[in-house]
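1. Give the three-dimensional model of this entry:
(one chain, ligands or ions: 2)
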Amino acid sequence: MAEMNAAYCPRDPETETNLRCGRCEELICPNCLIHTEVGSRCPDCAQIRTLPMFEASSGELGKAAAAGFGTAIVVGIASGFILGVFNLSLGGVVAVGGAGWLIGEVVHRASGYKQSRPLQWIAGLATLLAFIIVTPFEPLGTLIGLIIGSYYAIQRVKPPRGVQ
Ligand SMILES: [Zn+2]
Ligand SMILES: [Zn+2]
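-> Ligands and ions are numbered 1, 2, ... in the order given. Prediction:
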């Protein structure tokens, strides 16, 4: 006798299962599920392939994060130092705006020229880190720099509309 609440695979009605497709959340079982790079999928969803340039692997995301945050720290400290020494008013616009532009570039390259939403997060957060580092040296311009820089950084790795 089956337990109460036991769920059965819609494709294999004999098979009890609690596995679900990672994309559409339909029930799947070990007989019909398909392993993909992004987890277990039902046969329908396994056919929908995302173009590889819009799907960065975890290794590529790791490289992109290392490059993006590394750039934020190096550029942040260097430009903070320059702004501190030369006392350039509104230099933070250029410092953080430029850091964002550079971060978008290095994140894009380090990921193997991918464009995806997780990369947008990495680019945006790395620009935020540059902002946090530079702000104590020049508080006036960095907020404008953050707006400009994070826009550039996030746009650089933005997937086109319709890409899931
Ligand atoms: Zn599915
Ligand atoms: Zn099944």
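
2. State the distance from A65 to ligand 1.
-> Distance of A65 to ligand 1, computed by Cβ to the ion, to the nearest Å: 29 Å. Yep, even glycine has a C-beta here, placed from its N, CA and C like the rest.

3. Ignore what I typed, I meant L119.
-> L119 is 25 Å from ligand 1, by Cβ to the ion.

4. my guess is that residue contacts A65, does it?
-> No - contact criterion Cβ atoms under 8 Å: L119 and A65 do not qualify, at 9.1 Å.

5. neighbour-wise, which of the two wins?
-> Ranked by neighbour count (other Cβ atoms under 10 Å), L119 and A65 place L119 first, with 28 against 20.

6. ok, the more buried one - contacts?
-> 56, 61, 64, 107-108, 111, 157 (Cβ atoms under 8 Å, 6 or more residues apart in numbering).

7. List phi and psi for it.
-> phi -70, psi -30 (degrees, to the nearest 10).

8. For this protein, what lies in contact range of ligand 1?
-> Within the chain, the residues that sit near ligand 1 (Cβ under 5 Å from the ion) are 21, 23-24, 42, 45.

9. Understood, closing this out.
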